[in-house]
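# I would like the atomic coordinates for the input below:
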Amino acid sequence: MPELPEVETVTRLIRPGVEGRLIRGVKVHWERTIGGQSLAAFEEAVRGKRIARAWRRAKYVVLDLQARKRPAGQLLIHLRMTGRLHVVDSGEEIGPYERVRLLLEKGRALSFVDVRKFGRFVYLEDSEPTFSRLGPEPLGEEFTREWLGSSLRARRRALKPLLLDQSFLSGLGNIYVDEALFRARLHPLRHANKLKKDQSDRLHAEIRAVLGEAIEREGSSFDAFYRTPEGQPGSYQHQFQVYGRHGQACHACGATLKKITVGQRGTHVCLRCQRPPRGVPQLL
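As a prediction, the model looks like this:
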């Protein structure tokens, strides 16, 4: 599933093609993609509106709509496992997996393609109820070393499940949690409230660093599904230190990397660089 760097990349690349453009029409080929809203209601909500802004919140691409220069709701797009967005000529054929198309002025269109049909392209009058359940952005101003340290000390959960909890910190997923924990030299089963200040500070720095580097490389393409709106794969997978590398040698110490299960998620670790906490068998 695309995580923060992939969604940020998609948002940045579609922005020049959609911002400021009027939505002249809508084509919906799979109504479940629009979240259970009727096709007629969806068309009425978005037709004739202007896309004022394209931005990202957590793992959502957000399109702010305007009518008569006033806010007129938002489109929330969640790519899920296989969703892709492309800005194309309005008459260009995309293929059988296109689920939604916004027909824009000047002969352009925003196409949402989704092979497995899990993605969503939903209109909301107000996104605040959805976004209020999310934690701060790891690249935002709220995510400070002080915030992370105090928030970790207040929770007795293992680090990895906590960092994956979108109500705690938004946008992170399996790949970038594994990479950040490795770079911070923290075992994923270490309890959050047991971290010392230097450890939480290091984790803060590595979360930001990993995400920043991944965005620079337009995300990670480790399967056939994630592609940028320009049809290109990301390249951060070539920088992975642990994710997907179990059985291979650690770049830092040479030990064999392991894959364990934490919170029902496959988790990649170096047990020499990320020492298990007391009470956790050394083989985990």
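# for Tyr243, what are its contacts?
When contacts are counted by C-beta atoms under 8 Å, 6 or more residues apart in numbering, Tyr243 touches 174-175, 178-179, 222, 268. Where you see a C-beta, it was placed from the backbone N, CA and C, and this is true even at glycine.
# Ok, Glu230 next?
Taking C-beta under 8 Å, 6+ apart as the contact definition, Glu230 lies against Leu13.
# Quick check: closest non-adjacent residue to Pro161.
Spatial nearest neighbour of Pro161, chain neighbours left out: Gly263 (3.9 Å); criterion: C-beta to C-beta, 6 or more residues apart in numbering.
# brain fart, Arg21
Leu104 is the one closest to Arg21 (C-beta to C-beta, 6+ apart), at 4.3 Å.
# Glu43 versus that neighbour, what's the distance?
15 Å (C-beta to C-beta, to the nearest Å).
# Pick out whichever of the two has more residues nearby.
Leu104 (22 against 18; other C-beta atoms under 10 Å).
# so the more buried one sits right up against Gly20, yeah?
No. Under the criterion of C-beta atoms under 8 Å, Leu104 is not in contact with Gly20, lying 9.8 Å apart.
# overlap in contacts of these two?
The contact lists of Leu104 and Gly20 share Ile51, where a contact means C-beta under 8 Å, 6+ apart.
# so Pro188, which of the three states?
Using DSSP: H, G, I helix; E, B strand; the rest coil, the structure places Pro188 in coil.
# Leu189 is in contact with Val280, correct?
Yes. Using C-beta under 8 Å, Val280 is in contact with Leu189, at 5.3 Å.
# ok, those two, which is more surrounded?
Shown here are Val280 and Leu189; by other C-beta under 10 Å, Leu189 has more neighbours (20 against 15).
# for that one, what are its contacts?
158-160, 262, 276-277, 280, 284.
# Most neighbours out of the residues you listed, which is it?
Leu159 (26 neighbours).
# in this structure, which spans are strands?
23-28, 50-57, 60-67, 70-78, 83-89, 98-104, 108-114, 120-124, 258-262, 265-269 (DSSP state E).
# and of those strands, who's closest to Glu216?
strand 50-57 (15.7 Å; C-beta to C-beta).
# The residue nearest to Pro161 and Phe168, how far apart?
13 Å.
# Between these two, tell me which one has more neighbours.
Between Gly263 and Phe168, counted using other C-beta under 10 Å, Phe168 has the larger neighbour count: 18 against 14.
# so that one touches Gly135, yeah?
Yes. Under the criterion of C-beta under 8 Å, Phe168 makes contact with Gly135 at 4.7 Å.
# Where does the prediction get shaky in the stretch 51-200 of the chain?
Low-confidence segments of the stretch 51-200 of the chain (pLDDT under 70): none present.
# switch to 90 and redo it
81 (pLDDT under 90).
# Show me what the longest helix anywhere in the chain is packed up against.
Using DSSP state H to define each element, the chain has its longest helix at helix 197-216. Helix 197-216 sits against helix 4-18, helix 145-153, helix 174-183, with contacts defined as 3 or more C-beta pairs under 8 Å, 6 or more residues apart in numbering; DSSP states H and E.
# May I have stretch 142-156 as PDB, with CA atoms only?
What follows is stretch 142-156, C-alpha atoms only, in PDB (Å, rounded to 0.1, in the frame of the first residue of the first chain):
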ATOM      1  CA  GLU A 142       3.700  19.600  15.200                       C
ATOM      2  CA  PHE A 143       6.000  16.600  15.000                       C
ATOM      3  CA  THR A 144       8.800  17.900  17.200                       C
ATOM      4  CA  ARG A 145      11.400  16.000  19.300                       C
ATOM      5  CA  GLU A 146       9.600  17.200  22.400                       C
ATOM      6  CA  TRP A 147       6.200  16.000  21.200                       C
ATOM      7  CA  LEU A 148       7.500  12.600  20.200                       C
ATOM      8  CA  GLY A 149       9.400  12.100  23.400                       C
ATOM      9  CA  SER A 150       6.500  13.000  25.700                       C
ATOM     10  CA  SER A 151       4.000  11.000  23.600                       C
ATOM     11  CA  LEU A 152       6.200   7.900  23.600                       C
ATOM     12  CA  ARG A 153       6.700   8.100  27.400                       C
ATOM     13  CA  ALA A 154       2.900   8.200  27.800                       C
ATOM     14  CA  ARG A 155       2.400   4.900  26.000                       C
ATOM     15  CA  ARG A 156       3.300   1.300  27.000                       C
END
